[in-house]
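[1] No letters, just coordinates:
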C-alpha cells in the first residue's frame, strides 16, 4: 500500500518502544522498513526510589536488570503508590468503610483523602494526578535504527521537544533522526496525492483572477461551480492531479488582506488563514509583512505597478515656435556650432589638399614658369599680397564677368553648402579632394539621421495628447495639482509604498484616496482627473479596449504572486511540486494569456501614453561620435593625399620621392603662412596698382600681363 515509504511517519507507543523484539522475526532479525520508526516511552519512575527498589528486588529474585521495561516500572510504581497510600490511610484509621456494592449511588467520603494521598506520593516521581488522571506527562522520544530503539530526545508540555542535551530544537534542524526509507528530512505526510483531503480555499471576486456567476450572488458561494477565471482554472487542475475535494470561502470584508496598525489585526483572506477558516487562498502578492504570519506556495506570476488615467481631447499647441520642440536648446546650439565647424573644415581641406581646387591652383602658381605666373609672383612680392590679389584685367567689366573658382569653397560658400544639407538642398560647388568629399559624406549621413529623429519627434509632439504627458511616473503625482490618485486599501501596493524607504512613495500612499475595491477604482478613473495605481495586469485587463485611457508602466514595485497557506502547511510541498511541473510545461503562461489576452474578444484600440520628450545631447552622443570619427578619418586622408602627390611628382620629375615630398611640404608651408594669413592690401592702392598695370599693358611694356595661368 506504500504506507511505509518516505512520505509517512509511523509513531509507536511504549509497548513496542520498550520491547522492540516483539516486532522482530522469529530469527530475531528486523525488516529493513522498520528503520525510521518513532516511539515514545513515559519518563515516570526512571531514577526514582521506586524504580531502583524494583530493579534491586528483581535482581535478588534471580532476574536480570535488562528485563526491566518501562511498562514494568509503570505498573510497579502504580501498585506501589496505591499500596503506600492505602497503608498510610489505614494507620490513620478510616472514618467509614468503603462501600463495595456496585448498585449504590453513594460516594465514599474517604475517597477524597485517598486521592490526595496518591497525588502526594506521586509528586515525588515527576508527575501528579488531577481529576482527569496524570497531568504534565513527559516522554522519551525513541528512534528505531537497525535493531533497536535509540533515545533521540524528550518531550513535555512545558519544554516541548528537546534533544538529548535538553536543548529545544525543531525536527527540521535534526540530522541524527532517521525517518522511514532512511531519509534525514521530515516527511510531509502527504504522499503523492491529496486523496481523502478536503480543502477550504479563500477567494475574492476580481476579474480575471476570479469571476462569480450571477446565479450565486447573494447566496451560497462555496460551491466550485459558482466560480470561473484564472485562479479557479488552476484550482481545478490541481484537483484533477491531486484528487482532493474543496470548497470556496469568501472573507467577510471581501479583501485580500491588510494589517490594521490601530487594532493590530489582519483582515481579508489572511485573517481567515490565521483563524484556520481556510487552508489555502487564491493568489496573493508576496511581501515580508505577510510572510511573518502566513506561508506561500511557489510563485506563479510576477507583476509591477502601473498608472491609468483618462485622457482629454487633444489640444492645439499655442507655441509659435513649436517646430523647435523636438530638440532641446543645447542641441540646436550644437547644430549651429557644427555647421560652422564643418564649413571651416571643408574650406581647410579644399585649401590644404593637393587635389582641392584652391590648393591645386596655388601650388601651380608657385611652381609654374610661364610669363603670366612669373609676373604674378613678382607682383605678389612687390605688394606683399596673396596670389588671388595679383590678377590683372584689361577692364573692370572683364573682371566682373570672369568667374574666379579659386574661392568657390571659401568659408562663406562652404557654410552655405553645409547648411543647405538640412533642407535636403545643395549647391553647384562641391569638394574635389577625397578628404573633403569623405567629410561631406559623413556630414550628409549625420544630417539624414538627425532629420529623421527631428521628423519623428515633431510628429509625436503634434499628435500626442498634451494633457496626458504631464504624468509619466509615480513621482510626477506629487508635482501636479490636476489629478487625484488612489490605491485600493489593504492591497499589497499600498503596503509596499507605505513601508518604502523612499519618503516620496510614503507621501504618495498617504495622500492617495483609499479605495474600497477594484470597482470603485475603475469608476473613479472614468469620472476623469483621477489616476488609479494598481498591478499592471489588473489594469490592462479591466481597461482593455478603452481608447480614452492611458496606461503608464512605472517599472517599480515588482512583486511575486503565489497562493497563501497556513504556516508550515503540510499541503505546501505537494502543491509546489505540481506548480513546478506546470511552470516547466508553460501551462501557467498559457492559462494567463488565455484570460488576460483573450483573442476571441475584439479590441478596437490600445491606448498608452507615447513620448514626445525633447531629445537632448545625451541621446545624440552616438551620432556625434560618428561625426567625430568621420572628421578624424578625413584628416588621415588629407595626409595620405600629400604622400601620394609627392609620389606622382617623383615619377613626373624623375627625382627622389623624399625630395619631392620635402618640396611639397615647403610649398605648403609657404602657402599657409603667405596665402592663408597674409594681410589684404588696401583697396584703394590695389585699384591704383591695377590701373598702372593696365597702362603698362596698353603701352606694350608688359604684354605678359595679359597671360593667365
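    Thanks, I have it. Quick caveat, the model's predicted, so the values are computed rather than measured. Residues are numbered from 1 along each chain as shown.

[2] SS state for residue 418?
    Classification of residue 418 by DSSP: H, G, I helix; E, B strand; the rest coil places it in helix.

[3] middle-most residue in the chain, spatially?
    In the chain, the centroid-proximal residue (Cα atoms, centre = their mean) is residue 558; its distance is 6.0 Å.

[4] my read: that one touches residue 301, true?
    No. Between residue 558 and residue 301 there is no contact under Cβ atoms under 8 Å: 11.2 Å. Just so you know, the C-beta spots here come from the backbone N, C-alpha and C atoms, and that holds for glycine as well.

[5] Who are the contact partners of the residue nearest to the centre of the chain?
    Going by Cβ atoms under 8 Å, 6 or more residues apart in numbering, residue 558 touches 302-304.

[6] so which of those residues would you say is closest to residue 151?
    Closest approach to residue 151 among the contacts of residue 558 (Cβ to Cβ): residue 302, at 48.0 Å.

[7] Show the model's pLDDT score for the closest one.
    In this prediction, residue 302 carries a pLDDT score of 88.

[8] How about residue 202?
    At residue 202, pLDDT is 96.

[9] from here on, count from 24
    Okay, residue one is now 24; in that scheme the one you just asked about reads as residue 225.

[10] Identify the bridge partners of it.
    residue 272, residue 304 (DSSP bridges).

[11] Now do the longest helix along the chain, average pLDDT.
    Ranked by residue count and defined by DSSP state H, the top helix of the chain is helix 644-676. Helix 644-676 shows a mean pLDDT of 87.

[12] returning to what we had before: what separation do you get for the residue nearest to the centre of the chain and residue 368?
    Applying Cβ to Cβ, to the nearest Å, the value for residue 581 to residue 368 is 50 Å.

[13] Around the nearest residue to residue 44 once chain neighbours are set aside, count how many other residues there are.
    Closest residue to residue 44 apart from its sequence neighbours, by Cβ to Cβ, 6 or more residues apart in numbering: residue 51 at 6.9 Å. Residue 51 has 8 neighbours, counted by other Cβ atoms under 10 Å.

[14] give me the element residue 51 is part of.
    Residue 51 belongs to no helix or strand when assigned by DSSP states H and E.

[15] which strands and helices sit next to the helix or strand where residue 63 lies?
    Residue 63 belongs to strand 61-65 when elements are defined using DSSP H and E. Judged by 3 or more Cβ pairs under 8 Å, 6 or more residues apart in numbering; DSSP states H and E, the packing partners of strand 61-65 are strand 34-35, helix 37-40, helix 93-114, strand 161-168.

[16] Lowest mean pLDDT across those, which one is that?
    The bottom spot among those, by mean pLDDT, belongs to helix 93-114, with a mean of 68.

[17] Can you tell me what sits against stretch 358-377?
    350, 379-383, 385-386, 432-434, 437-438, 440-442, 445, 454-459, 462-463, 466, 473, 650, 654, 657, 661, 664-665, 668, 687, 691, 694-695, 699.

[18] coming back round to it: would you format the contacts of residue 581 as TSV with secondary structure included?
    Conversion of the contacts of residue 581 to TSV gives the following (three-state DSSP):
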residue	secondary structure
325	strand
326	strand
327	coil
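
[19] Please check these and keep the buried ones.
    With neighbours counted by 16 or more other Cβ atoms under 10 Å, the contacts of residue 581 contain buried members at residue 326.

[20] closest to residue 282 among the contacts of residue 581?
    Of these, the one sitting nearest to residue 282 (Cβ to Cβ) turns out to be residue 326, at 20.9 Å.

[21] circling back: quick one, the strand holding residue 63 and strand 161-168 angle?
    Following axes from the mean of the first three to the mean of the last three Cα atoms, to 10 degrees, one obtains 150 degrees for the angle between strand 61-65 and strand 161-168.

[22] List the neighbouring strands of strand 61-65 plus their orientation.
    For strand 61-65, the paired strands and their directions (DSSP bridges) are strand 34-35 (parallel), strand 161-168 (antiparallel).

[23] can you tell me the average pLDDT over stretch 696-703?
    On average, stretch 696-703 scores 62.

[24] Oh, that last question was meant for stretch 568-579, not what I typed.
    Here the average pLDDT along stretch 568-579 is 84.

[25] what's the answer for stretch 181-199, then?
    Averaging pLDDT along stretch 181-199 gives 75.

[26] Show me the contact partners of that stretch.
    Outside stretch 181-199, the residues that touch it by Cβ under 8 Å, 6+ apart are 159, 164, 174-178, 200, 207-209.

[27] Quick one: distance of that stretch to the chain centre.
    Between the centre of stretch 181-199 and the centre of its chain there are 40 Å (Cα atoms, centre = their mean, to the nearest Å).

[28] Sounds good, over and out.
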